[in-house]
Every structure is written in structure tokens, then in C-alpha cells.
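Asker: Below is the sequence, then the predicted model.
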Amino acid sequence: MPRRTASPLLRCASLLVLAGPVLAEPAPSPSPTPPRPAPVAARPGGSGALAAGPRVAAALLAEETVSQGAWKKLEWLTDRIGNRISGSPAADRAVAWAVRTMAAEGADAARAEPVLVPRWVRGEGSVEVTAPTTRPLAFLALGGSVGTDAYGMSGPVVAVSSLEELHAKGGEVAGSVVLIDKPIVPNGGEKDGYGAGSKLRYYGPPEAAKLGAVGMVIRSLGTSSMRLPHTGGTGYEDGVARIPAAAISAEDADLLARLLASGDRVEACIRLTSRTLADVWSANAVGELRGRERPDEIVVVGGHLDSWDVGQGAIDDGAGVVVAMETLRLLRALDLRPRRTVRAVLFMNEENGLRGGEAYARDHAAELAHHVAAIESDSGGARPIGFYLDAGAGASERFLELLQPLSGTGVAHLLGKDDTGADLSPLAQSGIPRLGLRQDMTHYFDWHHTEADTLDKITRDELALNAVAMAYAAWALAEDAEPLARAVPLPVLTPVPRKGSR
Ligand code: ZN
Ligand code: ZN
């Protein structure tokens with residue numbers, strides 16, 4: 001009797017349904033609109049933002065707690081669009097959705113500003129131990145990695161924990177697959193944290209190649225592992241061989257370490273079909289609420305719209321994106337139109353090129369002198385704990401004063417000046433006060449750049465607090481009588497590889 005099997009056509013039907021209505025997907029309706037709190041108009045011509053601050057903060061909190069506008073947008077971005085690496089169809093859909101949503105939610109202007117982006121495709125492959133035993137490893141190619149031929153690149157494994165140790169190995173590295181095995185710890189800073197690890201990931205392949213290595217694998221830059229590899233960008237150097245590079249799970253790095261400790265010769269093979277295609281056009285999504293008195297003066301709020309091609313890009317950086325979008329909606333919904341313009345910029349290509357940040361600085365060069373502040377959120381959607389601020393004399397004191405109405409939320413803190421967001425770094429040449437909204441990152445690197453970067457890692461209440469913090473900070477800086485003092489402009493530098501980007 002013939003066995004019944006589902007027809008391939010039927011089995012594919014759900015995929016077709018998913019793919020079909022993409023072009024017609026609606027902007028997520030801001031409805032159902034909950035009862036709106038009474039308008040909280042700032043007093044025109046008043047003595048800056050201080051007087052109205054407490055009423056504005058309370059109104060923002062009440063509105064976002066009820067409306068959950070940031071959460072609704074993040075749910076759409078992650079569940080309906082999903083991950084969105086630069087140049088992918090999903091990234092295009094995200095740009096179109098963001099522009100359409102900002103317009104539907106009352107922005108005075110919403111547009112896509114073209115950005116030429118790199119197009120890297122992960123492909124498929126394997127990373128395997130081939131001696132003294134055979135075992136496939138859990139891996140993800142590093143962003144930007146070259147591929148291999150069908151036979152892959154194989155060699156004895158040489159383990160190091162730093163670039164110094166790599167160089168000290170000298171001739172031993174020739175023909176090898178280098179394992180960079182350096183665990184990172186939560187909030188470990190430049191020594192033991194993600195910042196230090198990302199330098200190894202970025203510079204590892206070219207430094208290993210200079211010594212003759214044929215491939216590189218790195219212990220995933222994660223602070224928790226359930227055999228989950230973490231991807232991320234890597235770099236090559238002109239004139240140096242481009243070798244395949246992948247992250248392996250912490251458990252698999254431990255396996256290699258144990259095999260090496262046994263004294264046996266350990267060999268590994270990397271096969272990848274990763275490739276870099278020609279650059280393609282994408283865009284930053286930009287929306288704005290024009291200022292009531294000084295519309296030419298601008299406060300930027302932003303996050304990055306692209307993500308890696310795994311998971312849903314929820315903590316990195318869907319949360320930052322929707323918090324910036326929600327800033328416009330909140331100010332509009334509460335009839336809080338500040339003196340200056342608030343502009344949401346959803347940057348494209350932070351992860352593997354920074355082209356969106358560079359294009360914004362270049363294309364808006366003529367108006368950068370009138371940008372009074374820029375704030376980025378790119379450290380997840382957990383509880384907000386404060387701001388980084390890089391500005392001129394007296395700016396910290398004034399901004400901290402402005403933040404006091406948020407003191408009950410735990411975000412009225414200044415944390416330093418050195419982590420204000422990669423997308424804003426090209427603005428440093430203009431001295432624009434740059435700010436970074438920072439979240440509790442205790443668990444951020446558990447999921448960052450993995451298949452586990454999904455919406456369930458964020459709670460509605462904490463995301464709402466982030467939206468309130470961003471909206472309030474933008475309002476205060478756009479409303480205050482005098483802008484913050486500008487930073488000393490940095491000279492125009494030749495772009496260097498980013499080491500601490502997220
Ligand atoms: Zn990232
Ligand atoms: Zn990021």
C-alpha cells in the first residue's frame with residue numbers, strides 16, 4: 001500500500017504565503033490607541049526645559065506604559081521582518097516599514113536616504129576536528145569571511161589567547177588553523193570584555209595569515225553558551241592572504257583545548273561558501289518632528305536598523321531602532337513639540353561597514369553645525385541605567401540637571417564619555433555633543449550576534465522605560481534654552497577598523 005506523503009506544493013504553501021504579501025505589509029497600526037493623557041505643552045519662551053521637565057517625564061511614562069508603542073513596533077520588526085543584514089531583502093523591507101511607520105505615526109517628514117552598502121552572504125559549510133578524532137563543531141562564519149573550495153582549508157590547530165602569543169609562536173603557525181581562545185566576561189571592559197575580544201576577532205585573521213596560517217577559528221565572544229556560536233565582523237588587510245574565519249561555540253573551543261592538552265596532534269578543517277558580492281544600494285530611514293521655534297537646529301536620536309543574519313536582531317539593535325521611532329510618536333501624541341527639531345535616524349550597516357553613519361555625516365555636512373546633540377541606543381533593550389556623554393565644558397552638569405525628573409527610573413546617571421555609539425562616531429569631527437543611552441548589559445553578550453537574539457529576551461516594561469528615557473532626553477535637549485556646549489572637534493582621520501563596535 002503506498003504511503004501517504006504530503007505534496008511538496010502543499011508543504012511549501014506556508015512559505016509562499018509568508019513570502020507573498022511582503023510588499024503589501026502594513027505599517028503596524030499605532031491603534032488600538034489607549035486613552036490619551038492630557039496634553040502637556042511646554043511653556044513657550046520659558047526658562048529652558050527645567051520647569052516643564054517633571055510634567056513631561058510623567059506624561060511620557062504614563063503614555064508609554066499604556067500604549068506600549070515601542071514594543072508593538074519591535075514585535076513587527078522582529079517577528080514579521082526578522083534579521084536584516086545589509087543589502088538583504090529583509091533590510092529593504094525594514095527600511096520601507098520604518099519610513100512608512102514614522103509617517104503613519106505623525107512625523108512631519110519621513111524618508112529613506114540612500115546608502116551604498118557591502119553585501120556579504122554567509123553561505124554554508126562546516127568546521128570540523130579531523131584528528132585525533134572526527135567531530136563537527138558548532139560554528140558561524142565571521143562576517144566578511146572569504147569562502148573556501150569544496151575541500152576546505154585544513155591544518156594542525158595552534159591555540160593562542162592573544163595576538164602577542166600568536167606572534168610569539170612564529171614559524172609554528174605556518175600551515176595551521178589558529179584557534180583564538182580567550183573567554184570574555186560580562187562588563188569586562190577593555191581587558192576581558194567584548195571590546196577586547198572584538199579586537200582579537202577583527203585582527204586575528206590578518207595577523208594569523210601574516211604568519212602563514214590557512215584558517216582561523218575563535219572562541220565565541222559570548223558570556224553564556226548553550227553550544228551557541230556568536231558571529232561578528234572580522235577584517236582583512238590589503239596585501240595579506242585572506243583566510244577563512246569562523247567563531248565556534250565555547251564548548252567546542254573547550255573540546256579543542258582538551259585535545260591539545262592531551263599532547264596529540266589536533267587537526268581541523270574549515271569549509272565555507274561565504275562570499276562578498278558587489279555593493280548594493282540601501283538606505284538610512286529618517287523621520288522628524290520639526291521644531292516650533294528653531295526648526296533648523298536638530299537633535300538626532302538613533303539606533304542601527306541592520307543586524308547580523310541570525311536570530312531576529314531584537315537586542316541588537318531592534319530595541320534601539322524602535323526607541324528612536326517611538327520618541328517621535330510620543331512627542332507627537334502628547335503635543336510636545338520642542339523648540340528644535342527631533343530627527344530619528346535609523347542607521348544602515350553598523351554591523352559590517354558603518355556606511356550609514358558615514359553617509360549621514362557626509363550628506364548632512366552642511367547642517368552639522370546646527371546639530372545640537374545626537375543620541376544612540378545600541379546596547380540592548382534591558383533596563384536603562386544612564387547615558388554616556390561626550391560634549392564640551394559644563395555640558396555634563398547641565399544634562400544631569402535636565403535628567404533629574406527621570407531619577408525615579410534609574411536612568412538619571414552619567415556613565416562616562418567614551419561609549420556613545422558607533423554610528424555617531426563620524427559626527428565627532430563636528431564636535432556635536434554625542435550621547436549613548438545605556439542599558440544593563442549583564443546578559444547582553446549571552447545572546448548578541450546569535451540565533452538567540454530574539455524578542456523574548458526583552459520585557460515590555462524595560463523597553464517602555466528605554467522609550468521614555470530616549471524621548472525625554474531628546475525633548476529636554478531640543479527644548480532647553482541653550483544647547484549643550486560642543487566637544488572639541490576631532491580632526492578628520494583616515495577611517496580605522498572599528499574595534500569596539502556592537
Ligand atoms: Zn552588533
Ligand atoms: Zn549593534
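Answerer: Good, I have the coordinates. Ligands and ions are numbered 1, 2, ... in the order given.
Asker: Residue 127 belongs to a helix?
Answerer: No: secondary structure of residue 127 (DSSP: H, G, I helix; E, B strand; the rest coil): strand, not part of a helix.
Asker: Nearest residue to it in space, ignoring adjacent ones along the chain?
Answerer: Leaving aside its sequence neighbours, residue 127 sits nearest to residue 139 (C-beta to C-beta, 6 or more residues apart in numbering; 4.0 Å). The C-beta positions use only the backbone N, C-alpha and C, and glycine is treated the same way.
Asker: Around ligand 2, pick out the residues from the stretch 301-450 of the chain.
Answerer: 316-317, 378 (C-beta under 5 Å from the ion).
Asker: Serialize the residues you listed to TSV and add fields for neighbour count, secondary structure and distance to ligand 1.
Answerer: Shown next, in TSV, are those (neighbours: other C-beta atoms under 10 Å; DSSP: H, G, I helix; E, B strand; the rest coil; distance: C-beta to the ion, whole Å):
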residue	neighbour count	secondary structure	distance to ligand 1
316	29	helix	4
317	32	helix	7
378	27	coil	8
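Asker: want to try TSV for these, with distance to residue 363 as columns?
Answerer: Below are these laid out as TSV (distance: C-beta to C-beta, whole Å):
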residue	distance to residue 363
316	25
317	21
378	21
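Asker: Can you verify my assumption that the residue nearest to residue 127 contacts residue 251?
Answerer: No: between residue 139 and residue 251 there is no contact under C-beta atoms under 8 Å: 11.6 Å.
Asker: between those two, which one's more packed in?
Answerer: Each of residue 139 and residue 251 had its neighbours counted (other C-beta atoms under 10 Å), and the higher figure belongs to residue 139 (22 against 16).
Asker: What confidence value was assigned to that one?
Answerer: On pLDDT, residue 139 comes in at 98.
Asker: Residue 238: which element?
Answerer: Assigned by DSSP states H and E, residue 238 falls within no helix or strand.
Asker: Based on its surroundings, how many neighbours for it?
Answerer: 6.
Asker: who touches residue 325 in this structure?
Answerer: Neighbour list for residue 325: 70, 73, 98, 101-102, 105, 287, 344, 346 [criterion: C-beta atoms under 8 Å, 6 or more residues apart in numbering].
Asker: where's whichever residue of the stretch 151-300 of the chain sits closest to ligand 2 relative to residue 263, distance?
Answerer: In the stretch 151-300 of the chain, no residue comes nearer to ligand 2 than residue 232, which is 10.1 Å away by C-beta to the ion. Distance of residue 232 to residue 263, computed by C-beta to C-beta, to the nearest Å: 32 Å.
Asker: In terms of neighbours, single out the busier of the two.
Answerer: residue 232 (26 against 8).
Asker: Now do the more buried one against residue 171, distance only.
Answerer: Using C-beta to C-beta, residue 232 is found at 29 Å from residue 171.
Asker: quick check: mean pLDDT across the strand or helix carrying residue 320?
Answerer: Taking DSSP H and E as the criterion, the element that holds residue 320 is helix 319-333. The average of the pLDDT scores along helix 319-333 is 98.
Asker: Kindly report the residues of the stretch 51-200 of the chain close to ligand 2.
Answerer: Residues of the stretch 51-200 of the chain lying near ligand 2 (C-beta under 5 Å from the ion): none found.
Asker: got the contact list for the nearest residue to residue 468 once chain neighbours are set aside?
Answerer: Using C-beta to C-beta, 6+ apart and skipping the chain neighbours, the partner closest in space to residue 468 is residue 60 (4.7 Å). Contacts here follow C-beta under 8 Å, 6+ apart; on that basis residue 60 touches 330, 334, 467-468, 471-472, 475.
Asker: With just CA atoms, put the strand ranked longest in the chain into CSV.
Answerer: Taking DSSP state E as the criterion, the chain has its longest strand at strand 275-289. Extracted C-alpha coordinates of strand 275-289, given in CSV (Å, rounded to 0.1, in the frame of the first residue of the first chain):
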residue,chain,number,x,y,z
ARG,A,275,31.3,35.4,-0.3
THR,A,276,31.2,39.2,-0.8
LEU,A,277,29.1,40.4,-3.7
ALA,A,278,29.1,43.8,-5.3
ASP,A,279,27.9,46.8,-3.1
VAL,A,280,24.2,47.5,-3.3
TRP,A,281,22.0,50.5,-2.6
SER,A,282,20.2,50.5,0.8
ALA,A,283,19.2,53.4,3.0
ASN,A,284,19.1,55.1,6.4
ALA,A,285,15.5,55.6,7.4
VAL,A,286,14.9,59.1,8.7
GLY,A,287,11.9,60.8,10.3
GLU,A,288,11.5,64.1,12.0
LEU,A,289,9.3,66.3,14.2
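Asker: helices or strands up against that strand?
Answerer: helix 89-104, strand 109-121, helix 319-333, strand 340-347, helix 355-363 (3 or more C-beta pairs under 8 Å, 6 or more residues apart in numbering; DSSP states H and E).
Asker: right, so of those, which gets closest to residue 52?
Answerer: Nearest of these to residue 52, taken as C-beta to C-beta: helix 319-333 at 12.7 Å.
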